[in-house]
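Q: What follows is a predicted protein model with its sequence.
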Amino acid sequence: MHDLMHDLALRVAGDECKIVNLNEGSINGGIRHASFASQSSSPQEVTSILEPNNLRTFLSLKKSRTFVQNGILSKFRHCRVLGLGYAHFGVPTSLGNRSKHLRYLDISENLSMESMPNSITDLLNLQTLKLSNCKHLKTLPRDLKKLVNLRHLLINGCDSLSHLPSLSEFPSLRTLNLMGLDALEFLQEISYPEHSNTTRPFFPSLERLSLLDSRNLKGWWGRRQMVGADQDRARYNLQPSFAKLLSAAILGCPHLNSVPLFPLIEYLNIASAELLEQVMAVLDCQSKAPVESTFIPLSKLKGLHFAGGDLEHSMLETLLPVLNNLESMSLNDYPKLKSLSRGMQYLSSLQHLVIDACEELDLSSHDDKHGIQWRSLVKLRIELCDNLTSLPEWIYNFSSLKVLEIIGCESLRRFPEGILRLGNLEEKVRVIGNVPLAENIF
């Protein structure tokens with residue numbers, strides 16, 4: 001069946017789509033979409049046997065480094081999709097003038113490029129720009145915001161990039177992925193957000209944000225201090241907010257202490273207690289707001305993942321009561337967390353809960369008020385919680401529970417009798433690791 005589908009796909013594609021192999025001899029000049037992965041050939045060798053004027057797609061899939069002629073980009077005047085991975089060349093200053101039709105541009109693993117030419121801002125049709133592991137890239141064009149149709153910007157592993165142009169004014173940007181930018185300290189070089197022009201748009205279309213593994217990133221704004229609980233409501237009102245942000249992952253940035261507000265967020269993956277404290281300050285300001293301002297930030301949150309950091313019980317006490325729509329939550333690597341917050345009782349929509357590497361956590365001390373509200377819980381996973389000696393008696397309230405996993409909790413000695421009343425479990429409790437009860441659960 002697979003071979004039939006493959007043959008059908010080739011027939012539909014006809015001669016316009018081709019994985020180029022130089023050993024095949026002559027190649028049809030009508031190819032419009034070409035890719036090659038040969039480790040023994042270079043992009044210029046491939047383009048020399050194609051008709052560049054016909055090409056709409058050119059993708060280099062090879063993973064061995066090649067030095068190519070600087071004029072190679074001039075051969076792709078009509079390309080819509082251009083991917084040049086592991087190819088070393090200086091990007092010509094005329095890029096924007098010669099490749100105006102580009103929708104997708106991927107320049108990855110380029111060790112020759114130190115700057116992007118200003119002419120890239122003339123690529124008005126560009127929708128995706130990907131710069132990955134360009135180790136010597138130091139600057140991007142100041143007026144990058146002129147790319148009015150840019151929807152996806154991915155900058156990954158560009159170790160020398162210490163400054164970014166203003167990104168907040170891209171009118172169409174939906175995805176922003178910044179990863180492994182070790183030289184970057186601030187995302188916007190202004191003293192305070194309230195000093196900026198508030199009439200300018202602030203990421204008007206951004207839906208997905210990833211800030212990952214940038215160990216020297218200190219804040220969103222240059223020299224801006226973290227929002228504290230003692231700040232007045234005036235500053236809270238002046239702080240920019242993402243208008244449409246639905247998903248954010250902020251991980252591996254240990255010194256990051258400020259981000260814009262994300263009141264409509266639905267999925268949040270975070271690993272910083274400092275940023276969580278900023279969220280607490282926002283909720284505190286909201287609680288002091290006039291009655292007519294009743295919208296609660298984070299009330300639309302459906303998925304919440306805490307990963308590492310000094311999470312404190314008091315933080316959960318403040319945060320959890322507003323998360324009525326939360327469906328999935330995980331607590332990962334919080335060795336000082338000794339008990340769950342009573343705020344857990346407000347999570348009436350919670351379906352999936354993961355507790356991982358919370359070494360001091362003890363569930364046996366909680367009363368049954370927590371379990372009553374968890375009737376929607378479908379999956380519970382507890383892993384590497386060394387201080388866990390027993391599950392709570394109120395587990396029988398988890399009437400919808402289908403999956404229960406206990407992994408590597410070596411101190412666990414007792415299962416409550418209420419576990420026998422969990423009639424919706426699809427199979428017996430799954431226990432993995434050196435747990436004494438693994439062979440005799442019921």
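A: Nice, I can see it.
Q: what are the ranges of the strands in the stretch 51-200 of the chain?
A: Using DSSP state E, counting those that start in this stretch, the strands found in the stretch 51-200 of the chain span residues 57-60, 66-67, 81-85, 87-88, 104-108, 128-132, 152-156, 175-179, 186-188.
Q: Out of the ones you listed, which is closest to Leu298?
A: Closest approach to Leu298 among the strands of the stretch 51-200 of the chain is made by strand 175-179 (20.2 Å; C-beta to C-beta). No exception for glycine: its C-beta is placed from N, CA and C like everyone else's.
Q: So which elements touch that closest one?
A: When contacts are defined as 3 or more C-beta pairs under 8 Å, 6 or more residues apart in numbering; DSSP states H and E, strand 175-179 packs onto strand 152-156, strand 208-212.
Q: Could you check the angle it makes with strand 208-212?
A: For strand 175-179 against strand 208-212, the angle by axes from the mean of the first three to the mean of the last three C-alpha atoms, to 10 degrees is 0 degrees.
Q: okay, the angle between strand 175-179 and strand 128-132?
A: Using the same axes, to 10 degrees: strand 175-179 against strand 128-132 is 10 degrees.
Q: Who does strand 175-179 pair with, and is each partner parallel or antiparallel?
A: Strand 175-179 has its sheet partners listed here by DSSP bridges as strand 152-156 (parallel), strand 208-212 (parallel).
Q: Columns distance to Glu185 and mean pLDDT on top of the ones you listed, output as JSON lines?
A: Converted to JSON lines, the strands paired with strand 175-179 look like this (distance: least, C-beta to C-beta, whole Å; pLDDT from 0 to 100):
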{"stretch": "strand 152-156", "distance to Glu185": "15", "mean pLDDT": "97"}
{"stretch": "strand 208-212", "distance to Glu185": "13", "mean pLDDT": "96"}
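Q: can you give me how far stretch 252-262 is from the chain middle?
A: How far stretch 252-262 lies from its chain's middle: 13 Å, per C-alpha atoms, centre = their mean, to the nearest Å.
Q: which residue ranges form the strands in the stretch 301-442 of the chain?
A: Under DSSP E, counting those that start in this stretch, the stretch 301-442 of the chain gives strands at 303-307, 328-332, 352-356, 379-383, 403-407, 430-432.
Q: centre of the chain versus the fourth one, how much separation?
A: Centroid separation for strand 379-383 versus its chain: 23 Å, with C-alpha atoms, centre = their mean.
Q: mind listing what's buried in that strand?
A: Leu380, Arg381, Ile382, Glu383 (16 or more other C-beta atoms under 10 Å).
Q: what comes into contact with the helix or strand encompassing Ile250?
A: Element membership of Ile250 [criterion: DSSP states H and E] is strand 247-251. By C-beta atoms under 8 Å, 6 or more residues apart in numbering, the residues outside strand 247-251 that reach it are 207-213, 256, 259, 262, 265-272, 275, 307.
Q: I'd say Leu144 and Leu123 touch.
A: No - the criterion here is C-beta atoms under 8 Å, and Leu144 misses it with Leu123 at 10.3 Å.
Q: any low-confidence regions in the stretch 101-250 of the chain?
A: Counting by pLDDT under 70, the ranges of the stretch 101-250 of the chain that qualify are 190-200, 223-239.
Q: what ranges do the helices span in it?
A: According to DSSP state H, counting those that start in this stretch, the stretch 101-250 of the chain carries its helices in the segments 233-238.
Q: Identify the farthest-apart pair in the buried residues of strand 379-383.
A: Greatest spacing in the buried residues of strand 379-383, by C-beta to C-beta: Leu380 and Glu383 (10.8 Å).
Q: which residues do the two both contact?
A: Common contacts of Leu380 and Glu383, defined by C-beta under 8 Å, 6+ apart, comprise Glu405.
Q: quick one on the thing from earlier: out of the buried residues of strand 379-383, which comes closest to Asn397?
A: Leu380 (11.9 Å).
Q: OK, contacts around the residue nearest to the spatial centre of the chain?
A: Nearest to the geometric centre of the chain sits Ser210, at 3.6 Å (C-alpha atoms, centre = their mean). Neighbouring residues of Ser210 by C-beta under 8 Å, 6+ apart: Leu176, Asn177, Leu178, Met179, Ala248, Ala249, Ile250.
Q: which residues does the first one contact?
A: The reference is to Leu176. Residues near Leu176 by C-beta under 8 Å, 6+ apart: Leu153, Leu167, Phe203, Leu206, Arg208, Leu209, Ser210.
Q: got a winner among those residues for most neighbours?
A: Among the contacts of Leu176, Leu206 has the most neighbours (other C-beta atoms under 10 Å), with 25 neighbours.
Q: Please tell me how far it sits from Pro260.
A: As judged by C-beta to C-beta, to the nearest Å, Leu206 and Pro260 stand 10 Å apart.
Q: Give me the common contacts of those two.
A: Common neighbours of Leu206 and Pro260 (C-beta under 8 Å, 6+ apart) are Phe242.
Q: Save the contacts of Ser210 as CSV, and put in distance to Ser330 too.
A: CSV is the format used below for these (distance: C-beta to C-beta, whole Å):
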residue, distance to Ser330
Leu176, 24
Asn177, 21
Leu178, 23
Met179, 21
Ala248, 15
Ala249, 13
Ile250, 15
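Q: For the residues you listed, name the two members farthest from one another.
A: Met179 and Ala248 (13.5 Å).
Q: Number of residues surrounding Ile155?
A: The tally of other residues near Ile155 (other C-beta under 10 Å) stands at 22.
Q: what about Ser258, neighbour count?
A: Each residue near Ser258 was counted by other C-beta under 10 Å, and the total is 19.
Q: Now for the closest residue to it other than its chain neighbours: which residues touch it?
A: Sequence neighbours aside, Gly219 is the residue nearest to Ser258 in space, at 4.4 Å (criterion: C-beta to C-beta, 6 or more residues apart in numbering). Residues near Gly219 by C-beta under 8 Å, 6+ apart: Glu185, Phe186, Leu187, Met226, Leu256, Asn257, Ser258.
Q: repeat for Ala307
A: Contact analysis of Ala307 by C-beta under 8 Å, 6+ apart lists Leu251, Asn269, Ile270, Ala271, Ser330, Asn332, Asp333.
Q: out of those residues, who's nearest Ile419?
A: Distance to Ile419, by C-beta to C-beta, is smallest for Ser330 among the contacts of Ala307, at 22.0 Å.
Q: Tell me, how many residues neighbour the spatially closest residue to that closest one that is not a sequence neighbour?
A: Nearest residue to Ser330 in three dimensions, chain neighbours excluded: Val354, at 3.7 Å (C-beta to C-beta, 6+ apart). Neighbourhood size, Val354 [other C-beta under 10 Å]: 16.
Q: Equivalent analysis for the one 3 residues further on, please.
A: Here the number of neighbours of Ala357 (other C-beta under 10 Å) works out to 18.
Q: Quick check: the gap between it and Cys134.
A: Using C-beta to C-beta, we find Ala357 at a distance of 35 Å from Cys134.
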